[in-house]
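Asker: Fold the following for me, if possible:
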Amino acid sequence: MILLAIDIQKGITDNRLYNFKGFIENTRKLLDTARKNGVEVIYFQHDYGPGTGFSAGDRDYEIADEVKPIEGEKIYSKNINSCFGNENFKEYVKKLEDKTIMIVGLMTNYCIDATVKSAFERGFKVIIPEGANTTSDNDYMNAETTYRYYNEMMWPKRFAECISMEDAINLLERK
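Answerer: As a prediction, this is how the structure comes out:
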């Protein structure tokens, strides 16, 4: 199993997010548990390109302090929603024996959704811990409704197993 921490970057990790404090707390617990149990943690950062303020070298592009990687953890960049758009990552995960990916991060309705579906299409078992992905309001739904739409209706029994934090912690401790 690997744990992907997707786009938890300074420019978008703040109180605009649904259940912000709970999201940070849950994500920290999962990262700490994964590390203590030898589960590889891989980070992603979304790069919107030079001059956007959200690219390599920009403050907003950096991973949020609350969930920073530790030395030796892989960090990939991407410029499309799915993490599988990064060729180095795609090649790396092809070699993994355990085809289970636990996913946390931002934004539920963009990069998390695209990565969930891309992983599923590639034959991975996708695990989504409750309260460890989030998003902000959009033109069609508020952040809570968007979160619930994906986590309670779109992904379960289709693309991913959406499980409780307790079950996610137990899974990480068994690996």
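Asker: The host helix or strand of Glu173 - what's its average pLDDT?
Answerer: Per DSSP states H and E, Glu173 falls inside helix 165-174. Averaging pLDDT along helix 165-174 yields 97.
Asker: And for stretch 80-90?
Answerer: Taken as a whole, stretch 80-90 has a mean pLDDT of 98.
Asker: I would like the residues contacting the helix holding Glu173, please.
Answerer: Residues outside helix 165-174 that contact it (CB atoms under 8 Å, 6 or more residues apart in numbering): 1, 3, 26, 29-30, 33-34, 37, 39, 102, 127, 129-132, 163. C-beta: built from backbone N, CA, C; applies to glycine.
Asker: same thing but 7 Å
Answerer: Contacts with helix 165-174, where a contact means CB atoms under 7 Å, 6 or more residues apart in numbering, come from Asn26, Lys29, Leu30, Thr33, Ala34, Asn37, Val39, Met102, Ile127, Pro129, Glu130, Gly131.
Asker: Can you add secondary structure and pLDDT and give those residues back as CSV?
Answerer: Shown next, in CSV, are those (DSSP: H, G, I helix; E, B strand; the rest coil; pLDDT from 0 to 100):
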residue, secondary structure, pLDDT
Asn26, helix, 98
Lys29, helix, 98
Leu30, helix, 98
Thr33, helix, 98
Ala34, helix, 98
Asn37, coil, 98
Val39, coil, 98
Met102, strand, 98
Ile127, strand, 98
Pro129, strand, 98
Glu130, coil, 98
Gly131, coil, 98
